[in-house]
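Asks: sequence and predicted structure are below.
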Amino acid sequence: MGRHRATRGLLAVAAVLGVASLSVAGDVGVDTAGAGEVKLDAPGSGGAAAAAAESAAAAPAGETFSFQAEVSRVMDIIIHSLYSNRDIFLRELISNASDALDKIRFLALSDAGQLGSGDAAALEIRVRADKEARTLTLRDRGVGMTRAELIANLGTIAKSGTRAFIDKLSSAKGDSSNLIGQFGVGFYSAYLVADRVAVRTKHNDESAQYVWESGADQTFTIREDVDGAPLERGTELVLHLKEDASEYLETTKLKELIQKYSQFINFPIYLEVAEEIEVPVETPADEKTDADKPTDEKEGDKADDKEKEATDELKVEDDEDAKPSDAKEEPPKTKKETVYKWDLVNEHKPIWTRDASEVTSEEYDSFFNTIAKLPGKPLAKTHFKAEGDVDFRSILYIPDKPPVNLYNNAESEKDAIKMYVRRVLVTDKFEFGLLPRYLGFLIGIVDSDDLPINVSREMLQQSKTLSVIKRKLVRKALDMIRGLSEKAKADAKPADEEVDMDAAKESADADADTEGADKTEKAAQTGDDEGEKKPDPYVAFWKAYGKSIKLGIVEDTANRERLAKLLRFRTSRTNASDEMDWASLDDYLDRMKEDQEYIYYSSGESVEAIRRSPFLERLLEKDYEVLYLDEPIDEHMIMSLPDYQGSKVMSAEKDNFKFGDKDQKDAKERLDGVKAEFRPLTKFLKTSLGDKVSKVRLSSRLSSTPCVLSTEQWGYSARMEIIMKAQAFSDPDSYKYMMPKAKVMEIHPGHPLIRKLRDLVVADDQSKQAAELAHLIYDTALVSSGFLMQDNSEFADRMYKMLRRVSGVDENATVEEIELPSPEPEKSPEIKDADAGATADADAKDATVDSDAQEESPLASDAADASSVTGNEDRDEL
């Protein structure tokens, strides 16, 4: 909504301004005495409007006229429509101050006296908030403005003093690369938060300093500043904040905005902050100090001190072991006071403006911590400069851990890549994406002077320039990841600047380099004799961002081949217990059999489940390597990768499965020999199972399993069917044709269960037992092949019948109902009372018996114990 409002504001500015320049020259009355009011004439009020009307009356047909602007309306558009976020006012004002400092620094190159000495020579920006006065002050020691420049620059909307300075330098072939301002409206962003702005300024060319003041109406006032403190040189802006802008009086908010938008400005930015400190309480006035006492009192005090010292010495001599007094000295009394100090806000420097060879690893890591707001070190980084259609510099990082919401809200705006124009943040929100979403984990910056930004400098405009930047960023990012995967070749790559001879003529200051790769290489040089397997930094990357690379295979067709080289898999030849053992597609191709034509893969819920799949029995026996796909995204990814380096990718679970040429020929010859023998069975199965199967055939890929169910070549696999059905908002009608109910039934002609079924069919093709067995084999194969059971109730009934038959239970035996015991009749109150009395008498009798037993003689007790033992022995013998 903010972007649309800003766009409407730009259109309104264009409609109101037209081709006219709102200048105070000519139609603006200026008080030449140095103080007074300057008024911009509006249409209908005389001045330029009257002149235009007279010209129109006398002009012949077809004469061209200039648009006239309503100044207050233009100011209203700039304040309320041009900028969508009023936080950026501070960015605009600091950018103006930075330009002023750059100008005086440039002038001082040819005239050192321009810079001055002492405090005047300190090129810095200071920001102060005064809550009591509700003012925000920005002070710079830049070039300042003369009285005429105040009128020309601040009194003319869309008049950029920086742009005029750049044009002047361009004609003199000067360097203007550090100057930021372009459009001449940044100053007026102050009225987003202020209802009145005062500008105090001093220029070296004039002895007097002036004050410019306006309330964003049709007038502004310029007067000589005779009451304010002398500035020596530079400009001070005082913003009288609106009632709803109190948040900008908080130093926390100001520091946040400066660090977000202007932390990489070339000049130091200081913010005045309040701090409470503990100070000692002053001595009360009634206690006299030595200096205030009369001379006779001082002499008396000295005598007393000497007497006390002598007494103390005697005490020490008399009792050297005397214990010190337990009395503790009272701590000095303190109180809290508020002091103000200047804190440097922009401590970090824009290291991307330097050559890669000049930046240390510590500086790269510190910069990563700053822009990513993350601790630790990145997995990899790349620092480069692009030249050609678009000139820009960039630094990209791969964090060591992915953000928590990396794969959530993938379509939302990303803020990981920050866009700068001359070190000033333009935006970190990209509606149309500066990087594809599969590279959304990258963190970095892009700084360019050629970015297509709107007047408010809040957002980018969609254009060919952005497409070029995006293409180069993607290529550099993939090169960085490839460099991480090819750590063994890292030493062979030059560390300094290299030039790509492509259409864009891109020159790279540095290719991707990684901290993990450096550590691995150093360890390899010093500890080869230890025999320990060194950690692979790319494995850490793959575990964190492997899903992103697979997503890139699906979405980025232009870079699919490059992304395929970055894929890693668990395979039938990798060690599942070794976290470092992964295989790339290039590794797979190197290990392929001579006559192998396909890259085989199988999908499942886990690596262990895939390894036990019946589809892989014969493949593994014949020593074919199989890729294990155990993540949901793998099925989508492999469908977008039909081949790699000329080798086709084939599923071990589809009906078009084939071995290598030699093995396939042998398998076909064996099946042809028994095909006629099993033709009655295949026909019977097709008839009995009906629409559950599309065809029944003998299988060459089974070893110990009697039957499997495969899918058509272009249909979904069992794993893909489960994934699609699990989607919360999926539309079954949209993919129903990809997962038909009928499956391809493959039977193992050598399995004893299949041979028994064949014998039953040959003996009686209407056998109910054969039909039941066929359905049971189908249901079991459905589960073992990874599909969901289509009818659980029917499968359960069939299993119970089989269990009855196996356990010898008659199939017609019925379920016996268990009768509940009949309840006892309820007793009358008289009977309940009688029962309660009888129970009480019995309890009393038991208590009497227990008491008598305790009074028996020890002899009786021994006899009883002996009798008990004898009885126990008799029972044991029995």
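Replies: Noted; the coordinates are in hand.
Asks: now do the helix or strand containing Leu803, average pLDDT.
Replies: Using DSSP states H and E, Leu803 falls within helix 792-807. Averaging pLDDT along helix 792-807 yields 87.
Asks: what does stretch 112-120 give?
Replies: For stretch 112-120, mean pLDDT is 83.
Asks: try stretch 350-360
Replies: Mean pLDDT, computed over stretch 350-360, is 90.
Asks: would you mind extracting the C-alpha trace of that stretch into PDB?
Replies: Output of stretch 350-360 as PDB, limited to C-alpha atoms (Å, rounded to 0.1, in the frame of the first residue of the first chain):
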ATOM      1  CA  PRO A 350      31.800  -0.200   3.900                       C
ATOM      2  CA  ILE A 351      34.400  -2.800   3.100                       C
ATOM      3  CA  TRP A 352      32.800  -3.600  -0.300                       C
ATOM      4  CA  THR A 353      34.200  -0.400  -1.600                       C
ATOM      5  CA  ARG A 354      37.700  -1.700  -1.200                       C
ATOM      6  CA  ASP A 355      39.500  -4.400  -3.200                       C
ATOM      7  CA  ALA A 356      39.100  -7.900  -1.900                       C
ATOM      8  CA  SER A 357      42.900  -8.200  -1.400                       C
ATOM      9  CA  GLU A 358      42.800  -5.300   1.000                       C
ATOM     10  CA  VAL A 359      40.100  -6.800   3.300                       C
ATOM     11  CA  THR A 360      41.100  -9.300   6.100                       C
END
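Asks: buried residues of that stretch, list them for me.
Replies: Neighbour-count burial for stretch 350-360 flags 350-352, 356, 359 (criterion: 16 or more other C-beta atoms under 10 Å). C-beta here means a position set from N, CA and C on the backbone, and glycine is covered the same way.
Asks: same thing with stretch 542-554?
Replies: Neighbour counts over stretch 542-554 (16+ other C-beta under 10 Å) mark 542, 544-554 as buried.
Asks: what number of residues lie near the closest residue to Thr574 other than its chain neighbours?
Replies: Distances taken as C-beta to C-beta, 6 or more residues apart in numbering place Asp581 nearest to Thr574, at 4.5 Å, with adjacent residues excluded. Using other C-beta atoms under 10 Å, Asp581 has 15 other residues around it.
Asks: Asp581 - that's part of a helix, no?
Replies: No: using DSSP: H, G, I helix; E, B strand; the rest coil, the secondary structure at Asp581 is coil, not a helix.
Asks: that one contacts Asn575, correct?
Replies: Yes: counting by C-beta atoms under 8 Å, Asp581 does reach Asn575; the two are 4.5 Å apart.
Asks: sec struct for Glu272, please.
Replies: Recorded secondary structure, Glu272: strand (three-state DSSP).
Asks: in space, what's closest to it - neighbours in sequence excluded?
Replies: In space, Glu272 is closest to Arg128, 4.3 Å off (C-beta to C-beta, 6+ apart).
Asks: how about the helices in the stretch 501-650 of the chain?
Replies: Counting by DSSP state H, counting those that start in this stretch, the stretch 501-650 of the chain has helices at residues 515-526, 537-555, 560-564, 585-590, 607-611, 617-621, 632-639.
Asks: one more: the stretch 251-400 of the chain?
Replies: Remark: helices assigned in the stretch 251-400 of the chain by DSSP H, counting those that start in this stretch are 251-261, 295-318, 361-372.
Asks: for the stretch 101-250 of the chain, same thing?
Replies: Per DSSP H, counting those that start in this stretch, the stretch 101-250 of the chain carries helices over the ranges 147-149, 161-171.
Asks: lowest average confidence across those helices, which one?
Replies: helix 161-171 (a mean of 48).
Asks: compare the mean pLDDT across the helices of the stretch 251-400 of the chain and name the weakest.
Replies: Of all those, the segment with the smallest mean pLDDT is helix 295-318, scoring a mean of 50.
Asks: Leu241 is in contact with Leu192, isn't it?
Replies: No: between Leu241 and Leu192 there is no contact under C-beta under 8 Å: 10.4 Å.
Asks: ends of stretch 108-116, what's the gap?
Replies: Across stretch 108-116, the terminal residues are separated by 9 Å (C-alpha to C-alpha, to the nearest Å).
Asks: so which bits of that stretch are buried?
Replies: For stretch 108-116, burial by neighbour count (16+ other C-beta under 10 Å) applies to 108, 114-116.
Asks: now for those residues: which two are most distant?
Replies: Pairwise distances across those peak at 8.9 Å for Ala108 and Gly116 (criterion: C-beta to C-beta).
Asks: excluding chain neighbours, what is closest to Lys622?
Replies: With C-beta to C-beta, 6+ apart, the residue lying closest to Lys622 is Asp663, at 5.7 Å.
Asks: and stretch 793-804, which residues are buried?
Replies: 795, 798.
Asks: just the residues contacting that stretch, thanks.
Replies: For stretch 793-804, contacts defined as C-beta atoms under 8 Å, 6 or more residues apart in numbering pick out 772, 775-776, 779, 789, 809-811, 813.
Asks: check contacts around Gln596.
Replies: Contacts for Gln596 (C-beta under 8 Å, 6+ apart) come out as 624, 660.
Asks: all the helices of the stretch 751-878 of the chain, residue numbers only.
Replies: Assigned by DSSP H, counting those that start in this stretch, the helices in the stretch 751-878 of the chain fall at 752-763, 768-784, 792-807, 829-854, 858-877.
Asks: and these, which one's lowest on average pLDDT?
Replies: Least confidently modelled of these is helix 858-877, at a mean of 45 by mean pLDDT.
Asks: can you show me the strands along the stretch 651-800 of the chain?
Replies: Using DSSP state E, counting those that start in this stretch, the strands found in the stretch 651-800 of the chain span residues 693-698, 707-710, 743-747.
Asks: and Ile265, which of these is closest to it?
Replies: That would be strand 707-710 among the strands of the stretch 651-800 of the chain, by C-beta to C-beta, at 65.2 Å.
Asks: give me the buried positions along the closest one.
Replies: For strand 707-710, a neighbour-count test (16+ other C-beta under 10 Å) marks 707-710 as buried.
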